[in-house]
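> Okay, sequence plus prediction incoming.
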Amino acid sequence: MATIKRRMILFAASAAAGALVAGGCTTTPPPAPVGPSGPSVETGQNAHPARNFVILPDDTPLGPYRALMGQPTPSFDAELHKAIQSAGEREALVASCMKEAGFDYFPMPYAGSMVEQVHPYLARASYMMVPGLDDDRADVEQWGYGLDSPGAEELFPGQAPEVQETEQKNLDYVAGLSVAAEHEYWAAMYGPDIDSEEARGADVQGCMGEALTQVPQDEMAFVVQGFRDTYWDLLVAVTDVSRWEVGNDPRAQALDAEWAACAATRGIDFSSMPFTNSEGQPLTDVPTLNRPSPASAMDLARATDASGNRGKGDGLLHAYPTQVEIALVDFDCRIETNYAERLLTIHREVEQQFLDQNRTQLEAMKAAALAEA
């Protein structure tokens, strides 16, 4: 039931968002800074979400071309304004309806303008294949890699802090209700059958459903599909630079070997560990590289339970002491090997090589994108 509740709160956020903003627009948040251990994680109460991968800076050689992957349509600004207005009207209707039912509901701020949404595969082009860690070791000692939550896949990356704060206010309010009142709350919000398996995939009812009926979500065509279809192979090639070419570079292999040797001296010997958990699922995001890396460390943390049993975890980060220990080993070894800066240097050089070899095609794609905008 906890997972459903979390997902329901997040549905409100996504319904409020209405639209997703393409990469390269002025409303997209700037990349997280890459420090000695990775990007900075937001600090403050309830603000330690896990960051799966370090966001690449915009100033790497392929940065201008990555920005084209979610090329907006010419009507972007007008559609965005309409989506923001509609989302506010829907949230006001939900709050009024819930008040009539005897409950408080804090309207969710619009989140879509803070979001970058591209094809799931192409999104990898924007990331280094290394998990995010806070630059402050004290924060890592407290939070490890950060916190995962059931349904977190519905949280948009880059959401404004007020979105997360309002979400938490709603969660705290629900947590303060009695069991009976809590059930009534969710029934009022999404309909009486929200707990059933059948209802989860059905149309939303209750106050949220009524608001969506009165003010439907806007269908927003932010991506010029023809552009993406025409340049799909080239866009995939750009993505593969980040996902595979850098990882297969001999310097990256040597860097990971240094990191793994450091980890072994601190009690995590990946050479003796399988790359799958008890259910046979890969423990690393890039299993074809078939070697230990910081990605392996985060996945090992997710596969470790509160008692330190590896392969017995639920796949989420809870900042268990055992998960924090793994993150600290990763942190210290990144510092010792200067991992993030060295990997970023490799990224820049591999990207430049790809750019030099494919400049004509990339510039043609860029010109086509600008013509569509």
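That came through, no problem.
> At which residues are the helices of the stretch 51-200 of the chain located?
63-66, 76-100, 137-143, 161-175, 179-190, 197-200 (DSSP state H, counting those that start in this stretch).
> Give me the residues contacting the first one.
To tie it back to what came earlier, the one meant is helix 63-66. Contacts of helix 63-66 with the rest of the structure, by Cβ atoms under 8 Å, 6 or more residues apart in numbering, involve 23, 56-57, 125-126, 238, 362, 365-366. Any C-beta I mention is one placed from the backbone N, CA and C, and that applies to glycine too.
> Show me the one of the helices of the stretch 51-200 of the chain that comes nearest Pro216.
helix 76-100 (7.8 Å; Cβ to Cβ).
> Buried residues in the closest one, which are they?
76, 79-80, 83-84, 86-88, 90-91, 93-95, 97-98 (16 or more other Cβ atoms under 10 Å).
> counting contacts, what elements does it pack onto?
Packing partners of helix 76-100 (3 or more Cβ pairs under 8 Å, 6 or more residues apart in numbering; DSSP states H and E): helix 2-17, helix 179-190, helix 206-214.
> returning to that earlier point: pick out the most distant pair among the contacts of helix 63-66.
It's Pro57 and Met365 that sit farthest apart of those, by Cβ to Cβ, at 20.8 Å.
> got the CA positions of the helix or strand where Ala264 lies in CSV?
Secondary structure assignment for Ala264, by DSSP states H and E: helix 250-265. Provided in CSV are the C-alpha atoms of helix 250-265 (Å, rounded to 0.1, in the frame of the first residue of the first chain):
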residue,chain,number,x,y,z
PRO,A,250,41.9,1.8,-22.4
ARG,A,251,42.4,4.8,-20.1
ALA,A,252,38.9,4.3,-18.6
GLN,A,253,39.6,0.6,-18.1
ALA,A,254,42.8,1.4,-16.3
LEU,A,255,41.0,4.0,-14.2
ASP,A,256,38.4,1.5,-13.1
ALA,A,257,41.2,-1.0,-12.3
GLU,A,258,42.8,1.6,-10.0
TRP,A,259,39.4,2.4,-8.4
ALA,A,260,38.7,-1.4,-7.8
ALA,A,261,42.1,-1.9,-6.3
CYS,A,262,41.5,0.9,-3.9
ALA,A,263,38.1,-0.5,-3.0
ALA,A,264,39.7,-3.9,-2.3
THR,A,265,42.0,-2.3,0.2
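> Enumerate the positions of it that are buried.
Using 16+ other Cβ under 10 Å as the burial criterion, the residues of helix 250-265 that qualify are 252, 255-256, 259-264.
> pLDDT score assigned to Cys25?
Confidence at Cys25, expressed as pLDDT, is 27.
> re the thing from before, now mean pLDDT and distance to Leu300 too, for the helices of the stretch 51-200 of the chain, in a markdown table please.
Shown next, in a markdown table, are these (pLDDT from 0 to 100; distance: least, Cβ to Cβ, whole Å):
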| stretch | mean pLDDT | distance to Leu300 |
| --- | --- | --- |
| helix 63-66 | 88 | 29 |
| helix 76-100 | 83 | 40 |
| helix 137-143 | 92 | 15 |
| helix 161-175 | 85 | 27 |
| helix 179-190 | 90 | 35 |
| helix 197-200 | 46 | 31 |
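> Can you lay out those as JSON lines showing distance to Leu344?
Listed next are those as JSON lines, based on distance: least, Cβ to Cβ, whole Å:
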{"stretch": "helix 63-66", "distance to Leu344": "12"}
{"stretch": "helix 76-100", "distance to Leu344": "31"}
{"stretch": "helix 137-143", "distance to Leu344": "20"}
{"stretch": "helix 161-175", "distance to Leu344": "27"}
{"stretch": "helix 179-190", "distance to Leu344": "45"}
{"stretch": "helix 197-200", "distance to Leu344": "42"}
